[in-house]
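>>> Any chance you could fold what I've pasted below:
(chains A and B, ligands or ions: 3)
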Amino acid sequence: MSDAITGPQDGSALLPEADELYHPHSWWTRYVFSQDAKVIAIQYSGTALAIGFVALILSWLIRLQLGFPGLAAFIGPAEYYQLITMHGMIMVVYLLTAVFLGGFGNYLIPLMLGARDMVFPYLNMLSYWIYLLAVLVLVVSFFAPGGPTGAGWTLYPPQAILAGTPGQEWGIVLMLISLILFIAGFTMGGVNYIVTVLQARAPGMTLMRMPLTIWGIFTATILALLAFPALFVGAVMMLLDRLLGTSFFMPAILEAGQRLRYGGGSPILFQHLFWFFGHPEVYIVALPAFGIVSDLISTHARKNIFGYRMMVWAIVAIGALSFVVWAHHMYVSGMNPYFGFFFATTTLIIAIPTAIKVYNWVLTLWRGDIHLTVPMLFAIAFIVTFLNGGLTGLFLGNVVVDVPLSDTMFVVAHFHMVMGVAPILVIFGGIYHWYPKVTGRMLDARLGQVHFWITFIGAYAIFFPMHYLGLLGVPRRYYETAGLGFVPPSAQSLNAFISLVAFVVGAAQVVFLFNILRSLKHGAPAGGNPWHATTLEWQTPETPPPHGNWGPTLPVVYRWPYDYSVPGAPEDFLPQNQPDPAHAGAVP
Amino acid sequence: MALILVLIAVGSVAFHLLSPWWWTPIASNWSYIDTTLIITFWITGAVFTAIVLFMAYCLWRFRHRPGRRAAYEPERPRLEAWLTVVTALGIAAMLAPGLAVWSQFVRAPADAAEVEILAQQWRWSFRLPGADGRLGAADIRHVGDDNPLGLDPGDLAGQDDLVVDGGDLHLALGRPVKLLMRSYDVVHNFYVPEFRAKMDIIPGMVTHVWLTPSRTGTFEAICNEVCGTNHYAMRGRVVVEDEPAFRSWLDQQTAVSQRAARSTGMREAGMRRSATNKR
Ligand code: HEM
Ligand SMILES: [Cu+2]
Ligand SMILES: [Cu+2]
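Ligands and ions are numbered 1, 2, ... in the order given. All right, here's what the predicted structure looks like:
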């Protein structure tokens, strides 16, 4: 395969013949054990959305208990903790990370860069199958004796592996094994994305001509390759503590009056490892979302993204800074409190490039020609929720303000806005945007509108008021708050309201599912470039693109990806592979 | 869409102003935290409203109409620089007071009284120093049926310590107190919403946090770090009272030596020290 690689400069010399590509020989190798990045992308997304639906149903059950305590007799405290743990872990790792990198990454990197496929297709296939195995191990843990782990998605030891926590028998072991598999599988995919971006771009596609989607995914992948090993190490060590009785994270411990055979380990060490992964993880999810949203806004506002170079540097700066802020999750963890000065400062500094991104999205709308298509609606909703969640991040990052708020519902509201709702809205927007390329058919816009309005307004109504519960002091991860004197009865009414909205929002996702399935057969034919977009994936000779993407010759890139509404040009977009020197944009 | 965005901006501000859910009345010296929080609310609230309203305006003003064409405007370095500077100033306006308060938070006054909190699945115990004003050493190795907190029998400073096992913790109004916290099983967190302060409790080490109670009353203390199945039920109470009431409560507590005197092991040491405990 490596001879299919085309370097950016010497590309013309190395144009591969179409028949040099690996070709599938049977239905099995074409659709199941496929090495085509586009098929792998669909496999990744399908699996991730399926397990994501499980996590959504778990969130219903959580909300059932919080809104109407005791109504569901089968949710006791142990079950409740298992629900929140599995919900959180699935959403963050198995849904969001997998969809953005495995799904969008696989589909878009080769197509947007004008490559025929990923550089290591076999490894790419392996990446998916190991991911699937990780998901299956996770699912098995639901049925294991003792059930899945209820340690919270942060899995803090010692409690994660002690008997006072549900799922101590098998749940935690399977969870750790599943994470280890996930990371191994992801690493195979990640190496692939990076090498492909660096080595397989079409002639003329310089780094500063890459769409921001690719910049986001590329940077996020680098972050993931640097951050996941910390979690990997933590998971392996905890597994050893649990199975072989080592004491990496275990100090001397009394359980039911008995001294356990542990001693000398450090629980805080695990927290550092976890958050060294955990904070960059936020950006592993957010950076691809940033990139995608930039492209959606630019395309549907028919205007170049404002300040492209600033946007690229902001992504890179955020990526780099995200490795020096992790302990803002540990202000009240008992670590040396003087760390607080450093981590509060870095955390608030990272807000500056983040704010620049928000300004530039909004300024892209200014004097645009705004088409409120369904993808555009989702992109705008993303800005609102991300802005909201980013601003509450300033509360939690500013060490002393975090003290009363940490581990309350304020935190739950904050991270759902910023890394729950916001990226999910981008995933939806991205699916509405690229579905026509993947299937050749449009999604139904009216169903899309229904799905959008319920999801956006609903999600805001769920999580905005929740901040105020946290301000009141309502702790997170509480099976019930009954009996807490500082929680007034009205707070319970608010909880019931939030739960009702959550049920509606969850149900609205069925509309989306229905739309996806129905449009496969009945959607309006899309043509090759329904949105009149400039980037390469819309310029393929065939839609959906076949294996190899480009027919006999690779595209050649002449311009940046944002030549919308160039003055004097006949149409309001100039595709990246269109020479037209008369209308070369203002930027290379 | 533009209309909805306006409603979101206005609605969020209205909710903020009208909502009945707000923090509990403060009962410690950490009103600075509340002040910083309010500053942050103002700055972030203004930014949120401004950006959402600006976006709403754009969506309405530049909506697609037949024949409309967008402007071509890749960059405006001056504007970008301005926005960066203004943002940095806003950030500094929040960070500076935050760090100033934090530097108080991390430095307990030298005269703060020490109180120990022992967290275990899923209950609280407390220990106050006796007349010598010092807490004796303790370690998991010494824990036994008659020594639930694991006091070191060899450390005489511990003999007059007062152990509250299962009852409420009392604190004196207006007296700075440094809470020294330990756990023998998993990570917990001691949080009294009215005090604003909280800190994790980590097995194998001693963590601490300090505050000065500023209001009398009975407050709930909750565990605020997930610690197993009954985490949500790990609750305790803190009573803040004026100095005389606090003194008389102290007098009713039993010293370690007196408890020990009832059993074996520490008897001798107990006899010797019990006299000094009578205030
Ligand atoms: C309609 C959608 C959702 C609803 C109603 C919902 C609701 C909840 C609730 C009620 C909790 C428990 C809060 C607590 O007491 O600690 C929770 C926890 C959590 N959720 Fe969601 N959630 C949703 C979507 C998401 C998404 C998309 C993500 C992806 C980032 C996510 C990530 C998490 C995480 C990480 C936790 C923390 C779990 C833990 O405490 O260990 N949720 N969610
Ligand atoms: Cu973080
Ligand atoms: Cu606890």
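>>> Need the nearest residue in space to the residue of the stretch 1-150 of chain B found nearest ligand 1, chain neighbours excluded.
At 16.3 Å from ligand 1, residue B:21 is the closest residue in the stretch 1-150 of chain B, using Cβ to the nearest ligand atom. From N, CA and C alone the C-beta is placed, and that goes for glycine too. Nearest non-adjacent residue to residue B:21, counting by Cβ to Cβ, 6 or more residues apart in numbering or on different chains: residue A:468, 3.9 Å away.
>>> Surely the one you found is in a helix?
Yes. Assessed by DSSP: H, G, I helix; E, B strand; the rest coil, residue A:468 belongs to a helix.
>>> ok, stretch A:417-437 near ligand 1 or not?
Yes. Judged by Cβ under 6 Å from any ligand atom, stretch A:417-437 and ligand 1 are in contact via A:419, A:420, A:424.
>>> Just give me the neighbour total for the last one.
So that's residue A:424. For residue A:424, the neighbour count with other Cβ atoms under 10 Å in any protein chain shown is 25.
>>> Would you enumerate the residues in contact with residue A:300?
With contact set as Cβ atoms under 8 Å, 6 or more residues apart in numbering or on different chains, residue A:300 has these partners: A:370, A:371, A:372, A:373, A:375, A:376, A:379, A:531.
>>> how about the residue in chain B that ligand 1 sits nearest to, secondary structure?
In chain B, no residue comes nearer to ligand 1 than residue B:226, which is 7.2 Å away by Cβ to the nearest ligand atom. Assigned by three-state DSSP, the conformation of residue B:226 is coil.
>>> thinking again about what came up before, could I get the contacts of residue A:300 as TSV with distance to ligand 3, secondary structure and neighbour count?
Putting the contacts of residue A:300 into TSV (distance: Cβ to the ion, whole Å; DSSP: H, G, I helix; E, B strand; the rest coil; neighbours: other Cβ atoms under 10 Å in any protein chain shown) gives the following:
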residue	distance to ligand 3	secondary structure	neighbour count
A:370	51	strand	27
A:371	53	coil	16
A:372	49	coil	16
A:373	50	coil	21
A:375	46	helix	29
A:376	47	helix	24
A:379	42	helix	30
A:531	53	coil	21
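>>> and the residues you listed near chain B, which?
For chain B, the contacts drawn from the contacts of residue A:300 by Cβ under 8 Å from any Cβ of the partner chain are A:370, A:371, A:372.
>>> Excluding chain neighbours, what is closest to the last one?
Distances taken as Cβ to Cβ, 6+ apart place residue B:1 nearest to residue A:372, at 5.7 Å, with adjacent residues excluded.
>>> The one you found reaches residue A:373, doesn't it?
No. Assessed by Cβ atoms under 8 Å, residue B:1 is found out of contact with residue A:373, at 11.1 Å.
>>> Tell me, what's the model's pLDDT at the residue nearest to residue A:372?
pLDDT for residue B:1: 80.
>>> swap in the one 4 residues further on?
Per-residue confidence (pLDDT) for residue B:5: 84.
>>> so, in contact with chain A or not, the helix or strand harbouring it?
In this assignment (DSSP states H and E), residue B:5 forms part of helix B:2-18. Yes. Using Cβ under 8 Å from any Cβ, a contact is recorded between helix B:2-18 and chain A, made by B:4, B:5, B:8, B:12, B:15.
>>> Now tell me what touches that helix from outside.
For helix B:2-18, the external contacting residues (Cβ under 8 Å, 6+ apart) are A:380, A:384, A:388, A:457, A:460, A:464-465, A:468, B:41, B:45, B:48-49, B:52-53, B:55-57, B:59-60, B:63.
>>> In helices, which of these appear?
Here DSSP state H is the test, and the contacts of helix B:2-18 give A:380, A:384, A:388, A:457, A:460, A:464-465, A:468, B:41, B:45, B:48-49, B:52-53, B:55-57, B:59-60 as lying in helices.
>>> where in the chain is pLDDT low?
By default, I'm working from chain A. Residue ranges of chain A with pLDDT under 70: A:1-25, A:581-588.
>>> switch to chain B, that's the one I care about
B:259-279.
>>> now the residues of helix B:2-18 next to chain A: which count as buried?
When the residues of helix B:2-18 next to chain A are checked for burial by 16 or more other Cβ atoms under 10 Å in any protein chain shown, the buried set is B:4, B:5, B:8, B:12.
>>> Report the spatially closest residue to the second one, excluding sequence-adjacent ones.
It refers to residue B:5. residue B:56 (3.8 Å).
>>> how much space between that neighbour and residue A:158?
For residue B:56, the distance to residue A:158 equals 50 Å [Cβ to Cβ, to the nearest Å].
>>> same check, this time on residue A:216
38 Å.
>>> same question, residue B:175
From residue B:175 to residue A:158 the distance is 34 Å (Cβ to Cβ).
>>> Looking at these two, which one has more neighbours?
Shown here are residue B:175 and residue A:158; by other Cβ under 10 Å, residue A:158 has more neighbours (29 against 14).
>>> so residue A:394 sits in a strand?
No. Counting by three-state DSSP, residue A:394 is not part of a strand but helix.
>>> My guess is residue B:255 contacts residue B:164. True?
No. The criterion here is Cβ under 8 Å, and residue B:255 misses it with residue B:164 at 11.6 Å.
>>> So for those two, which sits in the more crowded spot?
Neighbour count, other Cβ under 10 Å: between residue B:255 and residue B:164, residue B:255 has more, with 23 against 20.
>>> The more buried one bridge partners, please.
Taking DSSP bridges, one finds residue B:162 as the beta-bridge partners of residue B:255.
>>> For ligand 3, what's the nearest residue on the stretch 101-250 of chain A?
For the stretch 101-250 of chain A and ligand 3, the shortest gap (Cβ to the ion) falls at residue A:159, measuring 8.7 Å.
>>> close enough to count as contact, residue A:362 and residue B:58?
Yes. Using Cβ under 8 Å, residue A:362 is in contact with residue B:58, at 7.0 Å.
>>> The two: which is more packed in?
For the pair residue A:362 and residue B:58, the greater number of neighbours falls to residue B:58 (22 against 19), based on other Cβ under 10 Å.
>>> Would you mind stating the distance between the more buried one and residue B:70?
To residue B:70, residue B:58 is 11 Å away according to Cβ to Cβ.
>>> so what's in contact with those two at the same time?
By Cβ under 8 Å, 6+ apart, the residues touching both residue B:58 and residue B:70 are residue A:368.
>>> In TSV: the residues of helix B:2-18 next to chain A, plus distance to ligand 3.
TSV is the format used below for the residues of helix B:2-18 next to chain A (distance: Cβ to the ion, whole Å):
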residue	distance to ligand 3
B:4	43
B:5	42
B:8	38
B:12	34
B:15	32
